[in-house]
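Engineer: let me see the structure of the following:
(chains A and B)
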Amino acid sequence: MKTLIGIVALLLAWQIISLMIGATLILPTPYQTFEALIKLFGEVDTFSAILSTIWKSFLTLLLVMGIGIPIGVMMGSNDSLYEFIRPGVMVIQSVPIISWLALVIFLWGIGWRGPILISFLSLLPTAIFTSASGMKNVDKSLLEMAKVYNVSRKDVLKDVYLGSIMPFILATFEVSVGSVWKVMIMAEYLCGGSGIGVLISWARQYVDVPQIYALTFIAVIIGLSTERISRFYAKKAFKKWEFSL
Amino acid sequence: MGIFALKVQNLSKKFGKLSVIEGWSFDVKRGEKLTLFGPSGCGKTTFLRIVSGLEKPTFGEIQISSQKIGMVFQEPTLIPWKNVIDNLRFVRKNDEKIRNILKKMNLSSFETYFPSSLSGGMKQRVNLARALLINPDLLILDEPFFSLDLATKMEIMKDIKRVHEKIGFTLLMVTHDVKEAIYISDRIILLSPRPSRILKEFPISLKDEERDFSHSSFITLEGEFIKEILSRTSKI
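Structural biologist: The predicted model follows:
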């Protein structure tokens, strides 16, 4: 009920501010945005753009988790390796997106690969550093206990390390899910061949501001629902380690 | 090694320039219950870490005949995301033996509990059950009653005594509590503050029924021991 009241209040405030500004070019009314949204859902291109953004985001997420976590785990378990890899990851983290943009346009031109690479490189450092922190935070007394009892390396990895880094993996997952949409849509806007970002780019060219707001609304809804759904399933999957979460 | 479980010869340990243990020499017979008694920071835990293979001595030698060492850590050191039975499975995968130990330690109804739902005393019991699970030749107790109330402490001390009578492992404990030391041990080694040296060996010749905090013999011995500690430490 409170959420509903909050939404109504937000729409009211939006309506009042847009009437006060009185310029659709800056802030269209909720009604104009809703109209644009209905129009968008009447076009096949909108659905193919949404699907395009979704699959690219999922692939990016998979790559970030699949590559970032193992690198982070390796870095976290070996100090020399950590010091060796850290500068490279920090460089990736500091490079402005616009520089990656130049690179991917020279490399592949406009298309699907550019947005994936840019999103991947934007999210990878967080995944690496978070997983490395998880490894570094493993309770040393548990490792000593395992040593005293001659527990096999395999069991220590499975039962101590994995359990310890699980909250960090979940955090990486949540941060990545929350950010991937924003980064992907921006990357599509800059160098994509299809997707919500590309539709926003076209709407900008046609100065169709209500459509930009409608597309932003779609992006927000996808982002929020994905975050909720993925959080629910991640918690379920990681239930085994719930006492470390 | 023969009748000895442990032989310590001129053992010293330094951390950088900080000398913690200086020239300890003593033997521990198989089945004996020995307590190292000394003030905080005198290297008691460091010695246990050397015995359990977690640290190496700087000088001297330590010979251990025991193949299986069980350790009751000062903090319970249980895996938080594993329940009681899985914490025990971590050191030995034998459910029959685990259930047996849990029964002996009155923990059977807690086997599916996670450490976060157990009291300090319960956690320490699981810690002890885990150490006993491997059928230790040598049981190391590192201030195991440090954070426990008197009633829980008494219960666990009785558990240890009872299991020792059945299994007969060698017991090596460190503490700075006089009552605990007298209650558990056959012999107490009194240590000086850091850099720690052995001040005196103190045999405990109490009968079983006299090992009671309120028994006159226990109280007399406690008084003598405290007097000994005060006279020794005032000379340092």
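Engineer: can you name every helix or strand that the one helix or strand B:Lys103 maps to contacts?
Structural biologist: Here B:Lys103, judged by DSSP states H and E, is contained in helix B:95-104. The contact analysis (3 or more CB pairs under 8 Å, 6 or more residues apart in numbering or on different chains; DSSP states H and E) places helix B:95-104 against helix B:84-89, helix B:120-133. C-beta coordinates here come from the backbone N, C-alpha and C atoms, glycine included.
Engineer: could I get the ones you listed as TSV with distance to A:Ser99, mean neighbour count and mean pLDDT?
Structural biologist: Output for the helices and strands packed on helix B:95-104, formatted as TSV (distance: least, CB to CB, whole Å; neighbours: other CB atoms under 10 Å in any protein chain shown; pLDDT from 0 to 100):
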stretch	distance to A:Ser99	mean neighbour count	mean pLDDT
helix B:84-89	49	22	94
helix B:120-133	53	23	89
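Engineer: out of these, which is closest to B:Lys7?
Structural biologist: helix B:120-133 (22.3 Å; CB to CB).
Engineer: report the angle between the helix or strand following the closest one and helix B:120-133.
Structural biologist: With elements assigned by DSSP H and E, the helix or strand that comes after helix B:120-133 is strand B:138-142. If you take axes from the mean of the first three to the mean of the last three CA atoms, to 10 degrees, strand B:138-142 sits at 160 degrees to helix B:120-133.
Engineer: okay, now the sheet partners of strand B:138-142, with direction.
Structural biologist: Sheet pairing here is set by DSSP bridges, and for strand B:138-142 it gives strand B:69-72 (parallel), strand B:170-175 (parallel).
Engineer: just put those strands in JSON lines and tack on mean pLDDT and mean neighbour count.
Structural biologist: Output for the strands paired with strand B:138-142, formatted as JSON lines (pLDDT from 0 to 100; neighbours: other CB atoms under 10 Å in any protein chain shown):
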{"stretch": "strand B:69-72", "mean pLDDT": "90", "mean neighbour count": "25"}
{"stretch": "strand B:170-175", "mean pLDDT": "92", "mean neighbour count": "25"}
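Engineer: indicate which one of these is closest to A:Gly22.
Structural biologist: It is, among the strands paired with strand B:138-142 and with distance given as CB to CB, strand B:69-72, at 76.3 Å.
Engineer: can I get that closest one as PDB, trimmed to CA atoms?
Structural biologist: Only the C-alpha atoms of strand B:69-72 are listed here, as PDB (Å, rounded to 0.1, in the frame of the first residue of the first chain):
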ATOM      1  CA  ILE B  69      46.500 -34.900  17.600                       C
ATOM      2  CA  GLY B  70      43.100 -33.500  18.600                       C
ATOM      3  CA  MET B  71      43.000 -29.800  19.500                       C
ATOM      4  CA  VAL B  72      40.400 -27.900  21.500                       C
END
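Engineer: can you list contacts of it?
Structural biologist: A:145, A:148-149, B:48, B:51-53, B:124, B:127-128, B:130-134, B:136-142, B:144, B:169 (CB atoms under 8 Å, 6 or more residues apart in numbering or on different chains).
Engineer: picking that back up, and A:Ile105, which of the strands paired with strand B:138-142 is closest to it?
Structural biologist: strand B:69-72 (61.4 Å).
Engineer: a helix runs through B:Ala5, doesn't it?
Structural biologist: No - going by DSSP: H, G, I helix; E, B strand; the rest coil, the assignment for B:Ala5 is strand, not a helix.
Engineer: list the contacts for it?
Structural biologist: B:Ala5 touches B:Val28, B:Lys29, B:Arg30, B:Gly31, B:Glu32, B:Ile64, B:Ser65, B:Ser66, B:Asp137, B:Leu138, B:Thr170, counting by CB under 8 Å, 6+ apart.
Engineer: distance check, the last one against chain A.
Structural biologist: In this case it means B:Thr170. According to CB to the nearest CB, to the nearest Å, B:Thr170 stands 16 Å off from chain A.
Engineer: any idea what that residue is bridged to?
Structural biologist: Counting by DSSP bridges, B:Thr170 forms beta bridges with B:Leu138.
Engineer: circling back to that earlier point, I'd like the strands paired with strand B:138-142 as CSV, with distance to A:Ile16 appended.
Structural biologist: Below are those laid out as CSV (distance: least, CB to CB, whole Å):
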stretch, distance to A:Ile16
strand B:69-72, 68
strand B:170-175, 73
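Engineer: backbone dihedrals for residue 43, please?
Structural biologist: Looking at chain A here, since you left the chain open. Dihedral pair for A:Glu43: phi -110, psi 140, per degrees, to the nearest 10.
Engineer: sorry, should have said chain B
Structural biologist: Torsion angles, degrees, to the nearest 10, at B:Gly43: phi 90, psi 10.
Engineer: that one against B:Gly23, yeah?
Structural biologist: No - applying CB atoms under 8 Å as the test, B:Gly43 and B:Gly23 come out as separate, 11.6 Å apart.
Engineer: those two - which one has more neighbours?
Structural biologist: Ranked by neighbour count (other CB atoms under 10 Å in any protein chain shown), B:Gly43 and B:Gly23 place B:Gly43 first, with 28 against 14.
Engineer: circling back: now the helix holding B:Lys103: mean pLDDT?
Structural biologist: Helix B:95-104 carries an average pLDDT of 90.
Engineer: where does chain B have low pLDDT?
Structural biologist: Along chain B, the model assigns pLDDT under 70 to residues B:1, B:233-236.
Engineer: send me the longest helix along chain B as CSV with only the CA atoms.
Structural biologist: Counting residues, the longest helix found in chain B (DSSP state H) is helix B:216-235. The C-alpha coordinates for helix B:216-235 follow below in CSV (Å, rounded to 0.1, in the frame of the first residue of the first chain):
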residue,chain,number,x,y,z
SER,B,216,39.4,-29.5,51.7
SER,B,217,42.4,-31.2,50.0
PHE,B,218,41.6,-29.3,46.8
ILE,B,219,41.4,-26.0,48.6
THR,B,220,44.7,-26.7,50.6
LEU,B,221,46.5,-27.6,47.4
GLU,B,222,45.1,-24.6,45.7
GLY,B,223,46.4,-22.4,48.5
GLU,B,224,49.9,-24.0,48.4
PHE,B,225,50.0,-23.6,44.6
ILE,B,226,49.0,-19.9,44.8
LYS,B,227,51.7,-19.4,47.5
GLU,B,228,54.2,-21.1,45.3
ILE,B,229,53.2,-18.8,42.3
LEU,B,230,53.5,-15.7,44.4
SER,B,231,56.9,-16.6,45.9
ARG,B,232,58.2,-17.6,42.5
THR,B,233,56.9,-14.5,40.6
SER,B,234,58.1,-12.1,43.4
LYS,B,235,61.7,-13.3,42.8
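Engineer: mind listing what's buried in that helix?
Structural biologist: Residues of helix B:216-235 classed as buried: B:Phe218, B:Leu221, B:Glu222, B:Phe225, B:Ile229 (neighbour count, 16 or more other CB atoms under 10 Å in any protein chain shown).
Engineer: check stretch A:201-213 too.
Structural biologist: Neighbour-count burial for stretch A:201-213, counted by 16+ other CB under 10 Å, picks out A:Ser201, A:Ala203, A:Asp208, A:Val209, A:Pro210, A:Gln211, A:Ile212, A:Tyr213.
Engineer: from the chain's centre, how far out does it sit?
Structural biologist: In this view, stretch A:201-213 has its centroid 24 Å away from the chain centroid, taken as CA atoms, centre = their mean, to the nearest Å.
Engineer: that's all I had, so thanks and see you.
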